[in-house]
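# prediction below, plus the sequence it came from.
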Amino acid sequence: MSYLDFDANTVEPNQPFEVLPAGDYIGRIVSSEIKPTASGSGEYLKLEIEVLGPTGAGRKVFDQINIRNESAEAERIGRGQLSALCHAIGVLRVRDSQELHGKPFTMKIVVREDAQYGKKNQVKGYKKAEGAPAVSPMALAQPPHPSAPQGAKSAPTPPWVK
């Protein structure tokens, strides 16, 4: 037994998240990393995406895009997904996954049944966010990429960025 000095009367209980209804949502990538596949014979790009709207603002969804896979078909599909994301945000040549961060796009979310966890959201596609700027305000406020020429300056923060 472990001693706890905790009074649940003083803390609001967490409420479980319900899945987002299927539909189109505006989002932006807030975190990414390359991870090995379960078999260890390939790699995928793991994306953490923040929902910006029209509902569910602040919620997180996740996607995994095959980058290298022993299945040529899985790799072809993954590269097509990555291409769709790149076209959606207007970054067509990517050297570092961080170049994908902060730029708004539209994503199609579906609800699927997971044997272990029940209902969960899955990203099924990407396209350009309607009415979104070609380069997001977040991207304008970022420092230049490490490979940028010496003396390159970051753009000033636009007034609409908090």
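Great, that's in hand. In this text, all values refer to a predicted model and were calculated from it rather than measured experimentally.
# what residue is smack in the middle of this structure?
Taking CA atoms, centre = their mean, the centroid of the chain lies closest to Ile49, which sits 2.7 Å from it.
# SS state for it?
Here Ile49 is strand, with the state taken from DSSP: H, G, I helix; E, B strand; the rest coil.
# where does this structure dip in pLDDT?
For the chain, applying pLDDT under 70 flags the ranges 131-162.
# can you check which strand is longest in it?
When the chain is parsed with DSSP state E, its longest strand is strand 23-36.
# strands of this protein, residue ranges please.
Counting by DSSP E, the strands of the chain are 23-36, 43-53, 60-68, 105-114, 118-127.
# in JSON lines: those strands, plus distance to Arg93.
Any C-beta I mention is one placed from the backbone N, CA and C, and that applies to glycine too. Formatted as JSON lines, the strands of the chain follow (distance: least, CB to CB, whole Å):
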{"stretch": "strand 23-36", "distance to Arg93": "16"}
{"stretch": "strand 43-53", "distance to Arg93": "15"}
{"stretch": "strand 60-68", "distance to Arg93": "15"}
{"stretch": "strand 105-114", "distance to Arg93": "17"}
{"stretch": "strand 118-127", "distance to Arg93": "17"}
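# from the contact counts, what lies against the biggest helix by length in the chain?
Assignment by DSSP state H gives helix 72-89 as the longest helix of the chain. For helix 72-89, the packing partners by 3 or more CB pairs under 8 Å, 6 or more residues apart in numbering; DSSP states H and E come out as strand 60-68, strand 105-114, strand 118-127.
# which one of the strands of the chain lies closest to Asn14?
When the strands of the chain are compared by CB to CB, strand 60-68 sits nearest Asn14, at 15.0 Å.
# follow-up on the earlier one: now the longest strand of the chain: buried residues?
Buried residues in strand 23-36, counted by 16 or more other CB atoms under 10 Å: Tyr25, Ile26, Gly27, Arg28, Ile29, Ser32.
# packing partners of that strand?
strand 43-53, strand 60-68, strand 105-114.
# list the buried residues of the second one.
Burial within strand 60-68, assessed by neighbour count using 16+ other CB under 10 Å, is assigned to Val61, Asp63, Ile65, Asn66, Ile67.
# which of those sits closest to Val11?
Nearest to Val11 among the buried residues of strand 60-68 is Val61, at 27.1 Å by CB to CB.
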